[in-house]
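Enquirer: next comes the sequence, and after it the predicted model I'd like to discuss.
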Amino acid sequence: MKRSTLGLVFVALLACTPPAVWASAAQEQAASQMEDVEITVMLPQGSNIEFHPEAASYQAITEATGVIVNLQPIPSSDYGAKLNTLIATNDVPDVARVGYNSYYDFAASGVFLAIDDLVAEHAPNFAAVRAVNPWIDRLRIEGTLYGFPWVSRDDVTKSPLPFIRMDLLEAQGLAEPSTFAELRDTLAALKGAYPDTVGYITRGPNALRNILMYAMGSGWSLYFDPDVDGGRYVYGPATEAYRRNLEYMAGLYRDGLLDPDYAVTNSQGWQEKGGSGKGLFAHDNPIFMDRMNRALQSTMPDARFGFISVPADDRGNRRYVLYDVHPKQIWVIGANNPHAVRTVQMFNWLYSDEGADTRSLGIEGEHWEVVDGEKRIKQSLIDEYRERGDPYSLIQSEVGIAFSNFVPYYDNMLLKMTQIPLLQEWWFERVATDPARDYPLIDPPLGADERERIRELRGTLSTLEQESFDKFVTGAQPISQFDDVAAQMRAAGYEELEQIYNRAHAAQ
Amino acid sequence: MSGLHVRRRLSLFDLTLYGVMFLLIVITLYPLYYVTINSLSDSRHVLSQSVNLYPRGFTLASYRVVLADPAMLRAYANTILYTLVGTLLNIVLTAMCAYPLSIPGFFGRKQFTMLIVFTMLFNGGIIPRYLVVRALGMIDTLWAIVLPVAILTWYMFIMRTYFRGIPDALRESAFIDGANDVHILFRVILPLSAPVIGALTVFYTVFHWNSFFNALIYLNSAERYPLQILLRNVTIEDQMSGYVADFFDESDFAVAEQTIKYTVIMVSTLPILTIYPFMQKHFAKGVTIGAVKG
């Protein structure tokens, strides 16, 4: 048979091929593009969390996106050291969780993937979340976003809370203090009745600098003050309000009402003082109050700490800053990730309602249900884990959901449902409706030169801040010398620091 | 006069000396004792700071929790593996490096020694080391833990000095009998080097048991983590939860019960504490073994 005839026969046979064959070829090509891919996700691991990537809530990622997530947990105590080494050697994993500081320092160097183009094409869910969370744009570095920020989809009002020995107040017939002046007088009265106590206990100087200073009307270092000029960045340690607050703290220290070890103590020492009955008052993360109460009641069954409202300052104003609604962490994609598109598609699913439900709550019907129109973790699940220990940690570990896991878009239902009832009431009802609460602000985007200048300014200023704070509070330096110290800070450039931040903030 | 026991009178100086030494012993041992009794006490008593001289609310609950933790058992196994393999490798390679440097006629001995001394004073740091380990394909393997520290130069010099104390005549007679350098090292020199091998075995064992940084940097899989990484995470996590007013530190929830911390410390250090008295003579000897020649 001639070649031309053979060719004609071949073409004829080809033309008779059913369309289904061609369709299946296209499908096969599409299927190969949707083959499961594996990516590594690096994240910190707390000592009480055990990751279970085989859990159904993790497997759901693979079922929905075809991406197999290999977790690379790093002990949280040394996460920074490991991350910095990998960044410096350009060996960032496919996905890694980084803090804002590392993000700003390294993103523009090329170790993290710029995601804007990929988001525009493959992540409409994230784009929708970004549209209702305009603060995300403050994370742009010279106009480019280099990661997927951790976003909370519910407005959960967590804050440090003051707690005081209620049993001792009742024994002495004292009212709960509602101002800082009353707090000082109350502590003095309790100290007089119980001389072996130490009064105001903290887990380090930061609790005084960050929590107390702000509640009393000033702030530590450079901070955003919503009550100054309609809201601007202020350098606290050079202000008159800061000086008045230092006088207050120095007075507490002088009268023995402030823990004399405040500058050197730590969380363990703080908990031990609270749990042993030496501490009378604290203003910090309220989850520790329950631990202290359990320790107290082992030796003094009637002893207990209880929450009070944040006191008012000398002008009658109450205020306090909430903990971050959206934690300052970003999920970045390593520049060497060979599956960048699939990774972004995975994030798109994670920012969807379905993805967020699965990763925050688990599998519907198995782990969570809708109660009165609200998605809630099954109470039976929580009760089951509570019998074994701390349900918040155990459920996160074994079900693979919520905060400590790989959950870029999360809600706090597990946190809400596993706290003690008193904390649930205070955090999610009282604080949620308290007009005195202030939301923390994400810092505005800054250029590389500005960041470098800020680093230089902060280097000198932070030394002055920390040294002067402790000297003034302990009385090693009289408050009368405050103006001299403020002048030194001015010479060190705090005004320039304010200008940089306020200019960037105004540009938003 | 045999068997007559002569009682020496204690002078004031002796009594003072014993008193001071006793005080030092108490100061040294009390922290360990404190950790032990707290690990055996009820957590409520521990938090209330009422456990100071003896356990209160005696319980082994913390030990049951810690020893039932698969991560802990896995870390234990990893540490034992790294210690055994690492120490064996250390001794063999250290001896192989020290022996030629101990032979007076070895060509280039001074130059090699200077190169090795140079590394004691200068090194590239974490980044170059990581790059080398990665380039050799050792990331996340046992070899990343044992090879970068295969020879610790200080211990190598200790062994070299000891080898130099062995008479050259032994080496020469073995050479005359037809032995090569490998035979001489393993059949003549090492059998005579039990003291220094014992001392360096102790040093290397403790080094590997306590090391965590290389594991942190070079290992990616939690299944390969040694004990010290877990210990560090449990004990210092709450110190690292740097508090900033506007950041809710989730690690606050991760702060372990105090008794768990103490128990993890005990579990991690008990093996070394147990073998130390038996290896003490080697440890004491090892401090000076490389100092005196001949």
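Expert: Cool, got the structure. This structure is a prediction, so every number in the text was calculated from the model and none was measured.

Enquirer: and stretch B:35-51, how far apart are its ends?
Expert: Stretch B:35-51 stretches 10 Å from its first residue to its last (CA to CA, to the nearest Å).

Enquirer: ok, then the element right after the helix or strand of chain A with the lowest mean pLDDT?
Expert: Within chain A, confidence by mean pLDDT, DSSP states H and E is lowest for helix A:19-33 among all helices and strands, at a mean of 41. Scanning forward in sequence from helix A:19-33 by DSSP states H and E, the next helix or strand is strand A:37-45.

Enquirer: the residue of the stretch 101-250 of chain A found nearest chain B: what secondary structure?
Expert: Taking CB to the nearest CB as the measure, the stretch 101-250 of chain A has residue A:210 as its residue closest to chain B, at 3.3 Å. From N, CA and C alone the C-beta is placed, and that goes for glycine too. The three-state assignment at residue A:210 reads helix, by DSSP: H, G, I helix; E, B strand; the rest coil.

Enquirer: that one contacts residue A:220, correct?
Expert: Yes: using CB atoms under 8 Å, residue A:210 is in contact with residue A:220, at 5.3 Å.

Enquirer: tell me the confidence at residue 90?
Expert: As the question left the chain open, I've gone with chain A. For residue A:90, the pLDDT comes out at 91.

Enquirer: chain B is the one I meant
Expert: Residue B:90 carries a pLDDT value of 97.

Enquirer: before we move on, what about the one 4 residues further on?
Expert: Among the per-residue scores, residue B:94 holds a pLDDT of 96.

Enquirer: next one: it from chain A, what distance?
Expert: Applying CB to the nearest CB, to the nearest Å, the value for residue B:94 to chain A is 28 Å.

Enquirer: report the contact partners of that residue.
Expert: Contact criterion CB atoms under 8 Å, 6 or more residues apart in numbering or on different chains gives B:151-152, B:155-156, B:159, B:200 as the residues in contact with residue B:94.

Enquirer: filter the residues you listed down to just the ones in strands.
Expert: Within the contacts of residue B:94, no residue falls in strands by DSSP state E.

Enquirer: in what helix or strand does the residue nearest the centre of chain B lie?
Expert: Nearest residue to the geometric centre of chain B (CA atoms, centre = their mean): residue B:206, 1.5 Å. Using DSSP H and E, the element containing residue B:206 is helix B:194-210.

Enquirer: is any residue of that helix near chain A?
Expert: No: Helix B:194-210 lies out of reach of chain A by CB under 8 Å from any CB of the partner chain, never closer than 15.2 Å.

Enquirer: keeping just the C-alphas, turn the next helix or strand after that helix into CSV.
Expert: Following helix B:194-210 in sequence order, the next helix or strand is helix B:213-218 (DSSP H and E). The C-alpha trace of helix B:213-218 is given here as CSV (Å, rounded to 0.1, in the frame of the first residue of the first chain):
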residue,chain,number,x,y,z
PHE,B,213,22.3,23.5,69.3
ASN,B,214,23.4,21.3,66.4
ALA,B,215,20.3,19.3,66.6
LEU,B,216,18.2,22.4,66.6
ILE,B,217,19.9,23.8,63.5
TYR,B,218,20.5,20.7,61.5
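
Enquirer: ok, residue A:402 - contacts?
Expert: Neighbour list for residue A:402: A:359-360, A:395-396, A:410, A:414-415 [criterion: CB under 8 Å, 6+ apart].

Enquirer: can you check residue A:221 too?
Expert: The contact partners of residue A:221, by CB under 8 Å, 6+ apart, come to A:209, A:235-237, A:458, A:461-462, A:465.

Enquirer: which of those sits closest to residue A:286?
Expert: Of all the contacts of residue A:221, residue A:209 has the smallest distance to residue A:286: 19.0 Å, by CB to CB.

Enquirer: that closest one touches residue A:469, doesn't it?
Expert: Yes: between residue A:209 and residue A:469 there is a contact under CB under 8 Å: 6.4 Å.

Enquirer: next secondary structure after the lowest-mean-pLDDT helix or strand in chain B?
Expert: When the helices and strands of chain B are compared on mean pLDDT, DSSP H and E, helix B:251-254 comes out lowest with a mean of 56. Per DSSP H and E, the first helix or strand lying C-terminal to helix B:251-254 is helix B:258-289.

Enquirer: that following helix near chain A at all?
Expert: Yes: for helix B:258-289, a contact with chain A is found by CB under 8 Å from any CB, at residue B:258.

Enquirer: what pLDDT, on average, does that helix get?
Expert: Helix B:258-289 comes out with an average pLDDT of 78.

Enquirer: what packs against it?
Expert: When contacts are defined as 3 or more CB pairs under 8 Å, 6 or more residues apart in numbering or on different chains; DSSP states H and E, helix B:258-289 packs onto helix A:267-276, helix B:12-39, helix B:43-47, helix B:61-68, helix B:70-102, helix B:153-164, helix B:194-210, helix B:227-240.

Enquirer: in the helix holding residue B:206, what counts as buried?
Expert: Buried residues in helix B:194-210, defined by neighbour count with 16 or more other CB atoms under 10 Å in any protein chain shown: B:196-210.

Enquirer: just the CA atoms of that helix, as CSV, please.
Expert: Output of helix B:194-210 as CSV, limited to C-alpha atoms (Å, rounded to 0.1, in the frame of the first residue of the first chain):
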residue,chain,number,x,y,z
ALA,B,194,43.1,3.2,78.6
PRO,B,195,43.3,6.1,81.0
VAL,B,196,43.1,8.8,78.3
ILE,B,197,40.4,6.8,76.4
GLY,B,198,38.4,6.5,79.5
ALA,B,199,38.7,10.2,80.3
LEU,B,200,37.8,11.3,76.8
THR,B,201,34.9,8.9,76.6
VAL,B,202,33.5,10.6,79.7
PHE,B,203,34.0,14.1,78.2
TYR,B,204,32.6,13.2,74.8
THR,B,205,29.6,11.3,76.4
VAL,B,206,28.7,14.3,78.5
PHE,B,207,29.2,16.6,75.5
HIS,B,208,26.8,14.6,73.3
TRP,B,209,24.3,14.1,76.1
ASN,B,210,24.1,17.8,76.7
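
Enquirer: so how far is it off the chain centroid?
Expert: How far helix B:194-210 lies from its chain's middle: 7 Å, per CA atoms, centre = their mean, to the nearest Å.

Enquirer: over to stretch A:265-280?
Expert: Chain-centre distance of stretch A:265-280: 25 Å, with CA atoms, centre = their mean.

Enquirer: likewise for stretch A:395-404?
Expert: With CA atoms, centre = their mean as the basis, stretch A:395-404 stands 17 Å off its chain's centre.

Enquirer: not counting stretch A:374-392 itself, show me its contacts.
Expert: The contact list for stretch A:374-392 (CB under 8 Å, 6+ apart) reads A:48, A:357, A:361-362, A:367-370, A:394-395, A:398-399, A:413-415, A:417-419, B:253.
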